[in-house]
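K.L.:
Curious how this folds, go ahead:
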Amino acid sequence: MIDLEFTEDGDLFLDKNKSLKIIDDTYNDILKATVIRRIQSSADDWDTENAISLSLDEFRGGVLNQDTLEYMKFLIYRLLTEDGLLSVDEVFITESPIVNNYVALAIIINRKDKYGNDLIVNFGYDMRMNKIMPRFINPKESLGWQE
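P.N.:
Numbers count the residues shown, from 1 in each chain. As a prediction, the model looks like this:
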């Protein structure tokens, strides 16, 4: 018998066959799922007072400048560190050139996977549509299914 536990914001991990399975953190699966959920969520998405989410809604339709960008980066650092998910020295954020109302950010997380890679999350944010498009960049991690 296995006890299953849901977190306050509804984390439950399912495999491709939609059956429950126990996962470990060999490929940073739990961390990846948590980071993506937090980045793509807004505070209103969860019916709880303790939801941890990026909530970039406040930037919709705003002006994208260096101050706005620095504030976004601050929110991302806080998002990933405020509850101890990561420490401040494990998170590094870079940005690509700002174009109109779109910014591309890379979050480099110093948490080694089985292959010794850091976890890298690239995402773009479009302030006009309030849309976030995340993508993981870890070349060797995709080979895990072959083992």
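K.L.:
max-length helix in this structure?
P.N.:
helix 66-81 (DSSP state H).
K.L.:
Distance of residue 125 relative to residue 105?
P.N.:
7 Å (Cβ to Cβ, to the nearest Å). Yep, even glycine has a C-beta here, placed from its N, CA and C like the rest.
K.L.:
Apologies, that question was intended for residue 29.
P.N.:
As defined by Cβ to Cβ, residue 29 lies at a distance of 22 Å from residue 105.
K.L.:
Which one's more surrounded, those two?
P.N.:
A count of neighbours by other Cβ atoms under 10 Å puts residue 105 above the other of residue 29 and residue 105, at 20 against 15.
K.L.:
and the more buried one, what helix or strand is that in?
P.N.:
Secondary structure assignment for residue 105, by DSSP states H and E: strand 102-109.
K.L.:
In the longest helix of the chain, which residues are buried?
P.N.:
69, 72-73, 75-77, 79-80 (16 or more other Cβ atoms under 10 Å).
K.L.:
rewinding a little: quick one: common contacting residues for residue 125 and residue 105?
P.N.:
In terms of Cβ atoms under 8 Å, 6 or more residues apart in numbering, residue 125 and residue 105 are both contacted by the residues residue 72.
K.L.:
one step back: in its sheet, which strands sit next to whatever helix or strand comes next after the longest helix of the chain, and in what direction?
P.N.:
Per DSSP H and E, the first helix or strand lying C-terminal to helix 66-81 is strand 91-95. Its sheet considered, strand 91-95 pairs with strand 102-109 (antiparallel) by DSSP bridges.
K.L.:
Now do the strand it pairs with: everything it contacts.
P.N.:
31, 35, 64, 69, 72-73, 76, 80, 86, 90-96, 118-127, 137.
K.L.:
Follow the chain on from the strand holding residue 105 and name the next helix or strand.
P.N.:
Heading C-terminal from strand 102-109 (DSSP H and E), you reach strand 119-126.
K.L.:
Show me what that following strand is packed against.
P.N.:
Strand 119-126 makes packing contacts with helix 29-40, strand 102-109, strand 131-136 when contacts are defined by 3 or more Cβ pairs under 8 Å, 6 or more residues apart in numbering; DSSP states H and E.
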